[in-house]
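Engineer: here is a sequence with its predicted model. Questions after.
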Amino acid sequence: MRNPMTITLALLLCLLPSFISAQEKGPADDLWILYKQGQFEEVVAQGRVLLVTHTETAQVNLAVGRSLVHLEKFDDAFPYLTKSAQMDPQKTWVYAWAQVYLGLVNWKLGDDNRASQAFILARDCVATKNATRSAVTYMLRLGLSEFFADWVPLETEHFSFRISGRLKNFDRIAFVRRHEEAYAKITKWFGGQPEEKIRFLLWSSQEEADEGGIGTLGFSKPEMFLTHAVIGQTVGHEMTHIISYYALNPTVRNGLINEGIAVFMDQTNRDQMERARSLRDGGKSEEIRVSIPAMWEDWSLAPSEYSYPLAGAFVSMLIENGGKDKFFEFFLDQSYQHAQLVYGSDLSGWIENFEDKLYQ
């Protein structure tokens, strides 16, 4: 099983040099070098030695606390991050990053209120642009900013829903029931499921998302067990991204295949080949003719209203022709080159037949 928190915090890792270089030499310097190399166990070991030998600074506590978060030892991380913030009364970058990580710790421990408070402290001290941006981003993605004050929380067995307060006369119970039913079908098909609940934020419209600063809907962040969707989206698409990520652990993902399986599992039972063909015949995409290998290498070659049903139809064809077990074998590395290895000489013929049906 991949380490989801390590993946979630990869962006924060890459921001590290911007604040190390600006600081004077101190006992934490060697720890930050190890931290940047991903040697979190060593940071914790060496940092604890410094702390017990009275070489205690805010930076040492921060390095140890952050490393423990990456190691998913959230309860252990909490006192180090708290001490780090307390030892920085000037509220410099150390305080800001300690609060960002305290926000993550509290979120992972299921305390949204304390997570929100920590992110707000990191944001409002305005100590460093990167820490401020990280705090704001997490608050928006997790539905913890002031913008979500009137949203309705609903907890089910496999989801932690946050539903926009602007959705009036909306049957929330039917909505969550449909999602639990789809979850059961999709996890059964994949033979696995996420180890945590999916945090599902449902927006009333794209305009509301624009107002909230969240960007284009819908999308999922599997490493954060997170989905943002807009009312009217298919029930199975976004959750398939998360379920497939944890059930099969793909190491190489590709737009054609990753979106294709989500369309295939969207629970609408629509004929995706007919949808793709009708879009070509209907106007917007009528001049587009892109080969499957080309789209496999560059998912952006066709507009999404055309490429998504095409991808769903293509994945359906792979499963029908090669079987689910072979598809699962291929799904781990979704590159065209790996598909050629898994499916062998059959693949080129399948693609030729598929394109004949699509473009006839």
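Structural biologist: Nice, I can see it.
Engineer: got the contact list for residue 260?
Structural biologist: Contacts for residue 260 were tallied using C-beta atoms under 8 Å, 6 or more residues apart in numbering; they are 311, 312, 314, 315. Every residue, glycine included, has its C-beta placed from N, CA and C.
Engineer: quick check, pLDDT for residue 13.
Structural biologist: In this prediction, residue 13 carries a pLDDT score of 47.
Engineer: which strand or helix spans residue 256?
Structural biologist: Residue 256 is part of helix 255-264, with elements assigned from DSSP states H and E.
Engineer: next helix or strand past that helix?
Structural biologist: Using DSSP H and E, the helix or strand that directly follows helix 255-264 along the chain is helix 272-282.
Engineer: now for the helix or strand that that next one is followed by, which elements pack on it?
Structural biologist: For helix 272-282, the following helix or strand on the C-terminal side (DSSP H and E) is helix 292-297. If you count contacts as 3 or more C-beta pairs under 8 Å, 6 or more residues apart in numbering; DSSP states H and E, helix 292-297 packs onto helix 255-264, helix 304-322, helix 336-343, helix 346-359.
Engineer: turn the contacts of residue 260 into CSV, columns for neighbour count and distance to residue 69.
Structural biologist: As requested, the contacts of residue 260 are exported to CSV (neighbours: other C-beta atoms under 10 Å; distance: C-beta to C-beta, whole Å):
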residue, neighbour count, distance to residue 69
311, 29, 36
312, 26, 38
314, 27, 40
315, 23, 36
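Engineer: determine which two of those are furthest apart.
Structural biologist: The span of the contacts of residue 260, defined through C-beta to C-beta, is set by 312 and 314 at 7.3 Å.
Engineer: re the thing from before, just checking the distance from the helix holding residue 256 to the centre of its chain.
Structural biologist: 16 Å (C-alpha atoms, centre = their mean, to the nearest Å).
Engineer: over to stretch 349-360?
Structural biologist: Relative to the chain's own centre, stretch 349-360 is displaced by 33 Å; criterion: C-alpha atoms, centre = their mean.
Engineer: for it, buried residues please.
Structural biologist: Taking 16 or more other C-beta atoms under 10 Å as the neighbour-count basis, stretch 349-360 is seen to contain the buried residues 350, 351, 354, 355, 358.
Engineer: residue ranges with poor pLDDT in the stretch 201-350 of the chain?
Structural biologist: 280-288 (pLDDT under 70).
Engineer: if you set the cut-off to 90 instead, what comes out?
Structural biologist: 215, 276-290, 302-306 (pLDDT under 90).
Engineer: how about residue 183, nearest residue that isn't a chain neighbour?
Structural biologist: Leaving out its chain neighbours, the residue that sits closest to residue 183 by C-beta to C-beta, 6 or more residues apart in numbering is residue 158, at 5.0 Å.
Engineer: just residue 294 next, same as before
Structural biologist: residue 301 (6.0 Å).
Engineer: re earlier: relative to helix 272-282, how tilted is the helix holding residue 256?
Structural biologist: Helix 255-264 runs at 110 degrees relative to helix 272-282, counting by axes from the mean of the first three to the mean of the last three C-alpha atoms, to 10 degrees.
Engineer: burial count for residue 172?
Structural biologist: 13 (other C-beta atoms under 10 Å).
Engineer: one more: residue 229?
Structural biologist: Number of residues near residue 229 (other C-beta under 10 Å) recorded here: 21.
Engineer: ok, residues contacting the helix or strand containing it?
Structural biologist: Using DSSP H and E, residue 229 sits within strand 226-230. The set of residues external to strand 226-230 that reach it, using C-beta under 8 Å, 6+ apart, is 141-142, 198-206, 209, 214, 217-221, 238-239, 241-242.
Engineer: now the buried members of those residues.
Structural biologist: Burial by neighbour count, 16+ other C-beta under 10 Å: within these this picks out 141-142, 198-204, 209, 214, 217-218, 220-221, 238-239, 241-242.
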